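1. with the input below, show me the fold.
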Amino acid sequence: MTTHVPDGTATDAVDAMRKREAARSRELAAQRHLLRLWRPPLGPGEWRTLGLFAARDDKELEQVLTSMPLRVWRTDEVMAFASHPNDPQPRTGDGRTGDADANAIEFFTTFTIDIPQGTPDRVVQDTKAREAQRARELAERGHLLRLWIPAAEPHGTRSFGLWRAHDAAAMQTLMESLPLYAWMRVHTTPLTQHPNDPALS
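-> Numbering: from 1, shown residues only. So this is what the prediction gives:
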């Protein structure tokens, strides 16, 4: 979600809009439409947000997004997610268990897997089985929170993850511990807290 405040908008008007947005975000969280909000790295003057929403279909999601006051200044890019076979599934509470540091940072990852041509099927299947086991281990330790695939590409090569690690170096170590890592292209985005994130309430 990218917000562009019109030039010349008074500070009081911006503050009022933010308060209305926060109130509506609380309502949507109570209705279980708004699940999480984060801020990715921002440049000067940028307003960008990553959000995780739940809706029955595209029409309902559009109604949810349109009901948010900032939508009049905002453009949204939407991707529908489906559960990844190795997804640990949502947990109650904040999901912190095991080794995960209480002050850890959340990270969003995009994986693209490119299996080298000629790789024997048994090697591929063994590597995928070890990947699933490693995903379970990292979930139990509180590092892996969620995994998704694009709903429009159920048999594609991309997947997305939500992780928790102490810092960028620790996150890279987690990535390198994945059996499929040698076949992956990984893009990692560090996330910071958004003031309207339902997880903070």
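
2. rest of the way, CA atoms for contacts and neighbours
-> Fine.

3. so what would you say the end-to-end distance of stretch 175-192 is?
-> Taking CA to CA, to the nearest Å, stretch 175-192 runs 20 Å from one end to the other.

4. my read: residue 1 touches residue 49, true?
-> Yes - because the distance of 5.0 Å satisfies CA atoms under 8 Å, residue 1 is recorded as touching residue 49.

5. let me see the ranges of the helices in this protein.
-> With DSSP state H as the definition, the chain shows helices at residue ranges 11-30, 58-66, 121-140, 168-176.

6. name the helices or strands packed onto the second one?
-> In this case it means helix 58-66. Applying 3 or more CA pairs under 8 Å, 6 or more residues apart in numbering; DSSP states H and E, we find helix 58-66 packed against no helix or strand.

7. residue 152: neighbour count?
-> 11 (other CA atoms under 10 Å).

8. OK, contacts around it?
-> Taking CA atoms under 8 Å, 6 or more residues apart in numbering, we find residue 152 in contact with residue 80.

9. pLDDT score assigned to it?
-> Each residue has a pLDDT score; the one for residue 152 is 91.

10. mind checking how far it is from residue 139?
-> Distance, residue 152 to residue 139, using CA to CA: 26 Å.

11. one more: residue 190?
-> 18 Å.

12. tell me which of these two has more neighbours.
-> Counted by other CA under 10 Å, residue 190 and residue 139 do not tie: residue 139 has more neighbours, with 24 against 19.

13. the more buried one touches residue 133, doesn't it?
-> No - the criterion here is CA under 8 Å, and residue 139 misses it with residue 133 at 9.9 Å.

14. quickly list the domain ranges of this structure.
-> According to automatic domain parsing, the chain comprises the domains 2-78, 82-193.

15. straight-line length of the longest one, end to end?
-> Spelled out, that is domain 82-193. For domain 82-193, the separation between the terminal residues is 24 Å (CA to CA).

16. residue 193 reaches residue 40, doesn't it?
-> No - counting by CA under 8 Å, residue 193 does not reach residue 40; the two are 9.0 Å apart.

17. more neighbours, those two?
-> Between residue 193 and residue 40, counting by other CA under 10 Å, residue 40 is the more crowded of the two (18 against 15).
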